[in-house]
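Participant: show me the folded form of this:
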Amino acid sequence: MRVAVVFFEKNKGKLTEVSEALAHGIAEQGHDVKVINGAMESNVKLTMFEYIAIGTTPSSLFSKKLDESLGNFIKNAGTVSGKRSYAFVQKKGFRSFPVLQGLMGLLEGEGVILKTSDIINSKEEASYIGKKLHITK
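Facilitator: Modelled structure (predicted):
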């Protein structure tokens, strides 16, 4: 199955590591995985992918706002309605859960079928989740 792991981080940091570890875990299940930094690659289309994992991080310790590039990316990513997905937020500060709720609301508003979601603390946890994530139809 073709899987996209999309994350939104302007500078390479912990979310990049978490996303790559998640992708590695998913690939160990035998899926074809592509990692996409949505903050840097704005013209990517997700139409060809059958499953989408989308992640972000709170912008500061107390912020619950989503990065505006995330909403723009999803709106311009081709046909995402009806795609099964996984939402994740890299643990940072005190507002990770409200950020996850905002991400889930954004995805559901675009017609994405959200199967599960997590707040991820480390790249080891991300790899474990990727290995156990139920992706098959």
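Participant: any idea how far apart the tips of stretch 31-40 sit?
Facilitator: End-to-end distance of stretch 31-40 (Cα to Cα, to the nearest Å): 24 Å.
Participant: quick check: buried residues in that stretch?
Facilitator: For stretch 31-40, burial by neighbour count (16 or more other Cβ atoms under 10 Å) applies to 31, 33, 35-39. Heads up, the C-betas are built off the backbone N, CA and C, glycines and all.
Participant: do the same with stretch 120-130
Facilitator: Result for stretch 120-130 [16+ other Cβ under 10 Å]: buried residues 120, 123, 125-127, 129-130.
Participant: for residue 101, state which of the buried residues of stretch 31-40 is nearest.
Facilitator: Residue 101 has its nearest neighbour among the buried residues of stretch 31-40 in residue 38, at 19.1 Å by Cβ to Cβ.
Participant: how about the contacts made by the closest one?
Facilitator: Shown in contact with residue 38 (Cβ atoms under 8 Å, 6 or more residues apart in numbering): 6-8, 44, 54, 69-70, 73.
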